[in-house]
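Fold the following for me, if possible:
(chains A and B)
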Amino acid sequence: QTVVTQEPSFSVSPGETVTLTCGLSSGSVSPSYYPSWYQQAPGQPPRTLIYSTNTRSSGVPDRFSGSILGNRAALTITGAQADDESDYYCVLYMGSGIDWVFGGGTKLTVL
Amino acid sequence: EVQLLESGGGLVQPGGSLRLSCAASGFTFTSSDMAWVRQAPGKGLEWVSTILNSGGVTYYADSVKGRFTISRDNSKNTVYLQMNSLRADDTAVYYCAKVEWLHWFDPWGQGTLVTVSS
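Numbers count the residues shown, from 1 in each chain, chains lettered A, B, ... in the order given. Model prediction:
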């Protein structure tokens, strides 16, 4: 069974840069998994931030960026703001049998 | 404006059934693949099912295969999730989402809560 791993929690100070990552229990994340990233504020539905590794969804500020770092997908927030405090989820498209696997999410605290 | 509006959630007893609906507007529904994603209370997101634009091809997570059925009515711009043999661990907010290029989800609806309890 494929497991997508994320840091359970992360803390950042306002104005600092933070990088959240998304990995596989076995193997490396590559662009062929079309990694995407979603932000979910408390009580709200998810909001799409990044798709296909590094493309920002419409209306997403450019301080959010996606990449592959080593063997993991990464979401970088440059100049964190208070309203970035949310849960962040990555999804990998697994292809075989056609399914999508979510990571467990990272709870980002900005303080 | 693209909108997805889920409905049909509620309280159901274990072993019972429920049908969720997701009404779409603001985009060409007949050309769009659609999905359901759920989130148990206090937990993360879990992909449930996807249906391609023609309606003829569907995919399911192992956790719901054989119990849930996704379908769509392109004349009503609506996608459905028929849930049978419901269990307590099916309790979740169910989100409808448009699937882009088969690879990611955007946008998302507001969700509908399903509670399975006696």
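
CA only for contacts and neighbour counts going forward, please
Will do.

From the contact counts, what lies against the least confident helix or strand in chain A by mean pLDDT?
Lowest mean confidence among the helices and strands of chain A (mean pLDDT, DSSP states H and E): strand A:100-102, at a mean of 94. Strand A:100-102 sits against strand A:87-93, strand B:45-51, with contacts defined as 3 or more CA pairs under 8 Å, 6 or more residues apart in numbering or on different chains; DSSP states H and E.

Tell me which of the ones you listed lies nearest to residue A:33.
Residue A:33 lies closest, by CA to CA, to one member of those: strand A:87-93, at 5.0 Å.

and the angle for the closest one with strand B:45-51?
40 degrees (axes from the mean of the first three to the mean of the last three CA atoms, to 10 degrees).

which residue ranges form the strands in chain B?
For chain B, the strands defined by DSSP state E cover B:3-7, B:10-12, B:18-25, B:33-39, B:45-51, B:58-60, B:68-73, B:78-83, B:92-100, B:104-108, B:112-116.

can you list those strands in CSV and add mean pLDDT, mean neighbour count and distance to chain A?
Putting these into CSV (pLDDT from 0 to 100; neighbours: other CA atoms under 10 Å in any protein chain shown; distance: least, CA to the nearest CA, whole Å) gives the following:
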stretch, mean pLDDT, mean neighbour count, distance to chain A
strand B:3-7, 98, 20, 11
strand B:10-12, 98, 15, 18
strand B:18-25, 98, 20, 14
strand B:33-39, 97, 24, 10
strand B:45-51, 96, 24, 6
strand B:58-60, 94, 19, 7
strand B:68-73, 97, 20, 15
strand B:78-83, 98, 21, 17
strand B:92-100, 97, 24, 8
strand B:104-108, 96, 22, 6
strand B:112-116, 98, 21, 10
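
got these as a markdown table, with distance to residue A:69 columns?
Compiled in a markdown table, these are given as follows (distance: least, CA to CA, whole Å):
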| stretch | distance to residue A:69 |
| --- | --- |
| strand B:3-7 | 34 |
| strand B:10-12 | 43 |
| strand B:18-25 | 37 |
| strand B:33-39 | 27 |
| strand B:45-51 | 24 |
| strand B:58-60 | 31 |
| strand B:68-73 | 36 |
| strand B:78-83 | 37 |
| strand B:92-100 | 24 |
| strand B:104-108 | 20 |
| strand B:112-116 | 36 |
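
Would you mind saying which of the helices and strands packed on strand A:100-102 lies nearest residue A:20?
strand A:87-93 (8.4 Å).

Which elements pack onto that closest one?
With 3+ CA pairs under 8 Å, 6+ apart as the test, strand A:87-93 has strand A:4-6, strand A:36-40, strand A:100-102, strand A:106-110 packed against it.
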